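A.B. asks: Return a 3D structure for these sequence lines:
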Amino acid sequence: MYVPTKQGTILTSPHSPLSPAETRDRVLSSRGILFDLDGVLTPTAEVHMSAWSRLFTPFLDAQGVKPYTDADYFAYIDGKPRYDGVRSLLASRGLSLPDGEPTDAPELETVCGLGNRKNKAFNETLAEDGVSAYPGSLRFLDAVVAAGLKVAVVTSSLNGEMVLTAAGLRDRFEIVVDGVRARAEKLAGKPAPDTYLFGAELLGLTAAQCVVIEDAESGIQSGRSGDFGLVLGVDRGVGAHVLFEAGADTVVTDLDELLPLIGSTVLSSPSSSGVPA
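C.D. replies: Here you go, the predicted model:
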């Protein structure tokens, strides 16, 4: 279902159809917003995609199997903890490697070694190019904070703190549940709901009181299986239909499309340009 708005088109889920008014009411009746990071607050999903391609293009070519494509990123990697993404991609080609250890050197051909090789490429690109937050996401963040909602970041990334700092966002969030925190707490990664449920708990809220905002299929599945009050998808390239099928209630192409619905008068913020790394 397509519902036109002043700034774009809001899509409502065929599984749980919500009108724009119902979406607004769900947001404003909630008490907390749980933001994914890469692809929701910052365009670092593009950096991740580039790093995964730099890893798997030569690796799969050397194995003589089907070449790596961007579609593989969305199907097997997007939103998952790093080593889970390696396992999923290898399994899609009928390949397997020893797990190894998180301390494995990037040159080792283990699951952890490949994951660390990808992380090295990610860090190099982030250091070279920096990162700025999406302006529309910042406007939405300003609006919900002004409305009195609590906010947190829940990301699978082991680089969450670094990305938030590089984008000038770290001081905007008291609660950050990233891959490092999840590992320390022994929490299952997305698509399991554990990290989002933990984020809600740290805010002192129930799942029903929180909105999950995700751009990845695995993250949407995480929000849906956790029975959160609203699961909001942001389509940055995976496709609205994929997010709907994963369980999104509503899909937008940018979070500022929601501002007219929630009556926001926030048009800009001092941090809207981000801070380069």
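A.B. asks: going forward, measure contacts between C-alpha atoms and count neighbours the same way
C.D. replies: Will do.
A.B. asks: helices or strands next to the one helix or strand Pro58 maps to in the packing?
C.D. replies: In this structure, Pro58 sits in helix 44-63 according to DSSP states H and E. Packing partners of helix 44-63 (3 or more CA pairs under 8 Å, 6 or more residues apart in numbering; DSSP states H and E): helix 111-129.
A.B. asks: now the helix it packs on: mean pLDDT?
C.D. replies: What helix 111-129 shows for mean pLDDT is 90.
A.B. asks: Ala216 and Ile77 touch, don't they?
C.D. replies: No: using CA atoms under 8 Å, Ala216 is not in contact with Ile77, being 9.3 Å away.
A.B. asks: Val211: what secondary structure?
C.D. replies: Using DSSP: H, G, I helix; E, B strand; the rest coil, the structure places Val211 in strand.
A.B. asks: Contacts only, for it.
C.D. replies: Val27, Ser30, Gly32, Ile33, Leu34, Phe228, Gly229, Leu230, Val231, Leu232 (CA atoms under 8 Å, 6 or more residues apart in numbering).
A.B. asks: Turn those residues into CSV, including pLDDT.
C.D. replies: Shown next, in CSV, are the contacts of Val211 (pLDDT from 0 to 100):
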residue, pLDDT
Val27, 89
Ser30, 95
Gly32, 97
Ile33, 97
Leu34, 98
Phe228, 97
Gly229, 96
Leu230, 96
Val231, 96
Leu232, 96
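A.B. asks: Just the ones in helices from those residues, please.
C.D. replies: Using DSSP state H, Val27 are the members of the contacts of Val211 that sit in helices.
A.B. asks: and of the contacts of Val211, the nearest to Ala71?
C.D. replies: Ala71 has its nearest neighbour among the contacts of Val211 in Leu232, at 22.0 Å by CA to CA.
A.B. asks: how deep is the closest one tucked in, by neighbour count?
C.D. replies: Residues within reach of Leu232, counting by other CA atoms under 10 Å, total 28.
A.B. asks: so what's it up against?
C.D. replies: With contacts defined as CA under 8 Å, 6+ apart, Leu232 is in contact with Val211, Val212, Ile213, Glu214, Ile220, Ala248, Asp249, Thr250, Val251, Val252.
A.B. asks: And Leu202, by the same measure?
C.D. replies: Ile175.
A.B. asks: from now on call the first residue 776
C.D. replies: Sure, I'll start counting at 776 from here, so that last one is Leu977.
A.B. asks: which residue ranges form the strands in the stretch 826-975 of the chain?
C.D. replies: Taking DSSP state E, counting those that start in this stretch to define them, one finds strands in the stretch 826-975 of the chain at 925-929, 950-952.
A.B. asks: Buried residues in the longest one, which are they?
C.D. replies: Of the residues in strand 925-929, those with enough neighbours to count as buried (16 or more other CA atoms under 10 Å) are Lys925, Val926, Ala927, Val928, Val929.
A.B. asks: out of these, who's nearest Phe948?
C.D. replies: Ala927 (5.7 Å).
A.B. asks: you'd agree the closest one is up against Val951?
C.D. replies: Yes: using CA under 8 Å as the test, Ala927 is close enough to Val951 to be in contact (5.8 Å).
A.B. asks: joint contacts of these two?
C.D. replies: Gly974.
A.B. asks: picking up where we left off before, the more surrounded of Ala991 and Ile852?
C.D. replies: Legend: neighbour count by other CA under 10 Å for Ala991 and Ile852, higher for Ala991 (32 against 24).
A.B. asks: Drop anything exposed from the contacts of Val986.
C.D. replies: Applying 16+ other CA under 10 Å to the contacts of Val986 flags Val802, Ser805, Gly807, Ile808, Leu809, Phe1003, Gly1004, Leu1005, Val1006, Leu1007 as buried.
A.B. asks: Would you mind giving those as a markdown table with distance to Leu872 added?
C.D. replies: Listed next are the buried ones among the contacts of Val986 as a markdown table, based on distance: CA to CA, whole Å:
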| residue | distance to Leu872 |
| --- | --- |
| Val802 | 44 |
| Ser805 | 44 |
| Gly807 | 40 |
| Ile808 | 38 |
| Leu809 | 34 |
| Phe1003 | 36 |
| Gly1004 | 39 |
| Leu1005 | 38 |
| Val1006 | 35 |
| Leu1007 | 35 |
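A.B. asks: ok, of these, which one's closest to Ala959?
C.D. replies: Leu809 (19.7 Å).
A.B. asks: Next, the contact list for the nearest residue to Ser863 once chain neighbours are set aside, please.
C.D. replies: Excluding the flanking residues, the one nearest Ser863 by CA to CA, 6 or more residues apart in numbering is Tyr851, at 5.5 Å. Tyr851 sits next to Gly860, Ser863, Leu864, Ser867 when contact means CA under 8 Å, 6+ apart.
A.B. asks: Great, nothing more from me.
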